[in-house]
Structures are given as structure tokens and as C-alpha cells.
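Student: only geometry, no sequence info:
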């Protein structure tokens, strides 16, 4: 079945991480990534007070609007609604999709992280807007992740995917081409962009590698 297209540019999906950004200004680092070609930004924050999260998310939402990027909030539906984010991203232990949809309404996006065929099918039946296939490779930014599936595992899972899909987990300049060739719509990264000294150039470099991999994949189609 032909998968529906993404609205916007989902090739490079950047996720914030306070530990990776360190003492650099959050907005400065994120704007550099957006200038470099990030089309989606997810605000992921687990430890800060809600008031501070709303302040940061509001500033990031405004930044994304200026750069015409999609703004997603991880887990916190209340924060997403407060700042009029484009949507939320949920994990397997977060609020069920149907409950999230009742709160968010039909226009906001809902993404879900999935790890196997069962979770893919459940997410698609639930009417998610996109899924995040995780983890492709091991990653230090989420040390409690499940066993990495590798590129071959990602290929197998993509055969069951009927909605837009991005891949996440340890993706960097060395392996991004192999990931893109599996047919995913985009990749989610943290350290590969926000952990670099020059996030703008890091994002731009990843975009070049993805574009080359897509051209290669299309040229090799039978």
C-alpha cells in the first residue's frame, strides 16, 4: 500500500536534549539546526518544572514558525496545547493515542515510538500521523533503549509500515545513508546535530548525505 506523504519537510527531525546541549543557549543551538535544514523539532524535557517547560516550548514554537518547521512536544500534551505546538510524540508508556486525540483534536499531529510489528500495527490502527522506529543503533542519549534492530531489522519493519515513518537511535553521518535507503521518510537525531560544535553545518551535512542516498535509491529501483 502506498504510504501517505508527510506535510512539511520531515527528512531531518531534531530532538532536544539538555545534557547534549550543555551550557550553550537552547534557542541559539536550535536555530542553528533549523538554519542547517532541520524541518522538524521535538522538545523533549523530563526534569524541568512545568512553568519552565512552557516558557522554553513557547520560544521554540515561535522559532519554528519563523523557520517554517514543524514543532512537536514530547509526551506533555498540556505543554503542547499551552504553546499551540503542531503535535506531540508519545512513547509506549505514555497516554494512549485515542485519549491523546480526544484532547488534541483532529488537526494536531500525534507520533508514537514503536519497536516491533505488534506496536506498528497498534499505532496504525489507532490512527497515528507518523511513527518513529526505534532504536536502529545503540545511543548514549537513551541508555535504557531496547535492543537495536540495525539496518536489516529496519528494512523488515518498513515492510509493514503504511503511515509516514522516521527512524531513530544512534544515527549519524557514518550510517545515515544506509538508514535512508530503507525507505524511511526521515531520521531523528540528537547528538549528530545538537551535540556538534557547529549544529548548522552538522545539519546541512546530514541533509546532503540524505539527498545523495535518496538519489542513489531511486536510481537503483528496477
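Tutor: Right, received. Where do you want to start? Since the structure is predicted, the reported quantities are computational estimates derived from the model, not experimental observations.
Student: need the strands for this structure, in chain order.
Tutor: 12-15, 40-43, 70-74, 87-90, 109-114, 130-133, 165-168, 186-189 (DSSP state E).
Student: want to throw those strands into CSV with mean neighbour count?
Tutor: The C-beta positions use only the backbone N, C-alpha and C, and glycine is treated the same way. Shown next, in CSV, are these (neighbours: other C-beta atoms under 10 Å):
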stretch, mean neighbour count
strand 12-15, 26
strand 40-43, 26
strand 70-74, 23
strand 87-90, 24
strand 109-114, 24
strand 130-133, 26
strand 165-168, 26
strand 186-189, 26
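Student: Relative to residue 29, which of these is closest?
Tutor: strand 12-15 (9.7 Å; C-beta to C-beta).
Student: re earlier: just put the strands of the chain in JSON lines and tack on mean pLDDT and distance to residue 54.
Tutor: Below are the strands of the chain laid out as JSON lines (pLDDT from 0 to 100; distance: least, C-beta to C-beta, whole Å):
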{"stretch": "strand 12-15", "mean pLDDT": "98", "distance to residue 54": "18"}
{"stretch": "strand 40-43", "mean pLDDT": "98", "distance to residue 54": "10"}
{"stretch": "strand 70-74", "mean pLDDT": "98", "distance to residue 54": "10"}
{"stretch": "strand 87-90", "mean pLDDT": "98", "distance to residue 54": "14"}
{"stretch": "strand 109-114", "mean pLDDT": "98", "distance to residue 54": "19"}
{"stretch": "strand 130-133", "mean pLDDT": "98", "distance to residue 54": "24"}
{"stretch": "strand 165-168", "mean pLDDT": "98", "distance to residue 54": "25"}
{"stretch": "strand 186-189", "mean pLDDT": "98", "distance to residue 54": "23"}
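Student: and these as JSON lines, adding distance to residue 180?
Tutor: Listed next are these as JSON lines, based on distance: least, C-beta to C-beta, whole Å:
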{"stretch": "strand 12-15", "distance to residue 180": "11"}
{"stretch": "strand 40-43", "distance to residue 180": "15"}
{"stretch": "strand 70-74", "distance to residue 180": "19"}
{"stretch": "strand 87-90", "distance to residue 180": "21"}
{"stretch": "strand 109-114", "distance to residue 180": "19"}
{"stretch": "strand 130-133", "distance to residue 180": "13"}
{"stretch": "strand 165-168", "distance to residue 180": "9"}
{"stretch": "strand 186-189", "distance to residue 180": "7"}
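Student: Quick one: closest of these to residue 206.
Tutor: Closest among the strands of the chain, once you apply C-beta to C-beta, is strand 12-15, at 5.9 Å.
Student: Phi, psi for residue 134 please.
Tutor: Backbone torsions of residue 134, given as degrees, to the nearest 10, read phi -140, psi 150.
Student: Residue 128 and residue 87, how far apart?
Tutor: 10 Å (C-beta to C-beta, to the nearest Å).
Student: Does residue 173 touch residue 193 like I think?
Tutor: No. Counting by C-beta atoms under 8 Å, residue 173 does not reach residue 193; the two are 10.2 Å apart.
Student: The two: which is more packed in?
Tutor: Between residue 173 and residue 193, counted using other C-beta atoms under 10 Å, the more crowded position is residue 193 (29 against 14).
Student: Next up, the contacts around that one.
Tutor: Contacts for residue 193 (C-beta atoms under 8 Å, 6 or more residues apart in numbering) come out as 12, 14, 33, 36, 38, 199, 202, 203, 206.
Student: Thank you kindly, that will do.
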